[in-house]
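Visitor: model this:
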Amino acid sequence: MSSPQIKFIPASSTNNEAKIMYYPTLKEGEYTLYVQGKDATGNKSGVNPRSVQFKVIEKQSVSNILNYPNPFSTSTQFIFTLTGEELPDIMSISILTLTGKVVKEITKDQLGTLRIGVNRTEYKWVGTDEFGAKLTNGVYLYKVNDRNRNGNIFDKYCLRIIDSSFKDGYGKMVILR
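Guide: Below you'll find the predicted structure:
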């Protein structure tokens, strides 16, 4: 395997797991990756190859935005997918009351390292406002705010099968202490 698109990481004496990292250049579209391995004696990793279906999306968007767990009692993290070729220059998540009052703003730095693909924030929100006061039990809204270097806002969408309550760029979360 000698290709700039493929990197092999052999197993070690403490971890009996080898890895193959594959970095293809793919155009927008739907793909299926099939993988079949075998050891030095020819034993296959399984009867059938493993497969995974995925989609390459070139358009800049933030999708499948949700907090987990939801409802929560102690803390929650945000999970979302970034697509396109570049990360947002500006990104934050606003937590709002049902009347639209912003009670917490989570900054890009607080979110942690972002990447194209699925992201899970390093930041765990504990259900407090900007001053550290615990918010009461109830339903709150969240909204992702973002812009690229040209000032354009990323498209936002959420598949109904993932979060049916995500509408018009807002998601719902519930605090139950």
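Visitor: could you give me the average pLDDT of the lengthiest strand in the chain?
Guide: Longest strand of the chain, by residue count under DSSP state E: strand 138-147. Average pLDDT, strand 138-147: 94.
Visitor: could you dump it to PDB, C-alpha only?
Guide: What follows is strand 138-147, C-alpha atoms only, in PDB (Å, rounded to 0.1, in the frame of the first residue of the first chain):
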ATOM      1  CA  GLY A 138     -38.600  23.500  31.100                       C
ATOM      2  CA  VAL A 139     -38.200  23.800  27.400                       C
ATOM      3  CA  TYR A 140     -35.500  26.000  25.800                       C
ATOM      4  CA  LEU A 141     -34.500  26.700  22.200                       C
ATOM      5  CA  TYR A 142     -31.100  26.600  20.700                       C
ATOM      6  CA  LYS A 143     -29.900  28.100  17.500                       C
ATOM      7  CA  VAL A 144     -26.500  27.800  15.600                       C
ATOM      8  CA  ASN A 145     -25.100  31.100  14.400                       C
ATOM      9  CA  ASP A 146     -22.300  30.900  11.800                       C
ATOM     10  CA  ARG A 147     -20.600  32.700   8.900                       C
END
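Visitor: chain center to it, what's the gap?
Guide: Between the centre of strand 138-147 and the centre of its chain there are 15 Å (C-alpha atoms, centre = their mean, to the nearest Å).
Visitor: Also stretch 130-144?
Guide: What separates the centre of stretch 130-144 from the centre of its chain is 21 Å, taken as C-alpha atoms, centre = their mean.
Visitor: again, but for stretch 134-152
Guide: Remark: stretch 134-152 is offset 15 Å from the chain centroid, using C-alpha atoms, centre = their mean.
Visitor: Also stretch 91-101?
Guide: What separates the centre of stretch 91-101 from the centre of its chain is 20 Å, taken as C-alpha atoms, centre = their mean.
Visitor: What residues of it count as buried?
Guide: Going by neighbour count (16 or more other C-beta atoms under 10 Å), the buried part of stretch 91-101 is 91, 92, 93, 94, 95, 96. Bear in mind the C-beta positions are built from the backbone N, C-alpha and C, glycine included.
Visitor: Mind picking out the helix or strand in the protein with the poorest mean pLDDT?
Guide: Least confident helix or strand, the chain: strand 155-157 with a mean of 74, by mean pLDDT, DSSP states H and E.
Visitor: next SSE after that strand?
Guide: Downstream of strand 155-157, the first helix or strand assigned by DSSP states H and E is strand 170-175.
Visitor: what's the model's confidence in that next one, averaged?
Guide: Strand 170-175 comes out at a mean pLDDT of 94.
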